[in-house]
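Asker: Next comes the sequence, and after it the predicted model I'd like to discuss.
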Amino acid sequence: MKTLVFASNNAHKLEEIRAILGKDFEVKSLKDIGCETDIPETGSTFRENALQKATYVKEHFGFDCFADDSGLQVEALNGEPGVYSARYATMNGHTMDSGEKDDINMDVLLQKMEKEENRKACFRTCIALIYEGETHYFDGVVNGLIIREKRGEGGFGYDPIFMPEGYEQTFAELGNELKNNISHRARAVAQLVAFLK
Ligand code: IMP
């Protein structure tokens, strides 16, 4: 059995990847290896941020490791919010509680898109893997449209305003099971798993 660190403490992401990788890999979280640092993500692309996290773990803890970075890219906004997806509203001068964050991020985006006819967007995940001395990248993309008002209660982040291609419902309306089968993250993870297995 090989040990790999997933540079995350997100319980859902860890559970998902452990279930898929089964008994061939022991997947440790940042907490499991005693890493308490909030690893900096200062890159201007998802790839740079994912590599930054994986490299930090390799250099400080010695483990082979993978890390992910995701976000929403809107065509009419030249790829914004992109790597700033989680902090888009703060970057646009808003202050808020963490509980309101998703809602205000969406409000800022919808306002910027108010007069925009081109609604094309995609969610993107990049996974960087440092494994047996080499670095590999796995990308997952899901294309769709930004609708004009929030719809649905499920999911998180920008899910209520994103309608994936081929569906009439938003990610927040489709339910977690379906979303998790077609999402950018699922697609990137599937490639990582295919490589490791
Ligand atoms: P992370 O890199 O997975 O932590 O994602 C960064 C940010 O991108 C999140 O805080 C969300 O704002 C946004 N995001 C990433 N994935 C999704 C998704 O599946 N649905 C909605 N928003 C997402």
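Answerer: Everything's here; your move.
Asker: can we go C-alpha only for contacts and neighbour counts from here?
Answerer: Will do.
Asker: Run through who's touching the longest helix belonging to the chain.
Answerer: Ranked by residue count, the top helix of the chain under DSSP state H comes out as helix 46-61. Residues outside helix 46-61 that contact it (CA atoms under 8 Å, 6 or more residues apart in numbering) are 5, 7, 33, 39-43, 63-71, 82-83, 125-130, 137.
Asker: Please spell out which residues along that helix are buried.
Answerer: Burial within helix 46-61, assessed by neighbour count using 16 or more other CA atoms under 10 Å, is assigned to 46-58.
Asker: Give me the distance from that helix to the chain's centre.
Answerer: From the chain centre to the centre of helix 46-61 is a distance of 15 Å (CA atoms, centre = their mean, to the nearest Å).
Asker: same deal with stretch 4-15?
Answerer: 12 Å.
Asker: re the thing from before, when you scan the longest helix of the chain, is anything in it near the ligand?
Answerer: No - using CA under 6 Å from any ligand atom, we find that helix 46-61 stays clear of the ligand, coming within 8.0 Å at best.
Asker: List the pairing partners of the strand or helix carrying Ile130 within its sheet, with orientation.
Answerer: Take DSSP states H and E as the rule and Ile130 turns out to sit in strand 120-131. Paired neighbours of strand 120-131 in the sheet (DSSP bridges): strand 65-74 (antiparallel), strand 134-146 (antiparallel).
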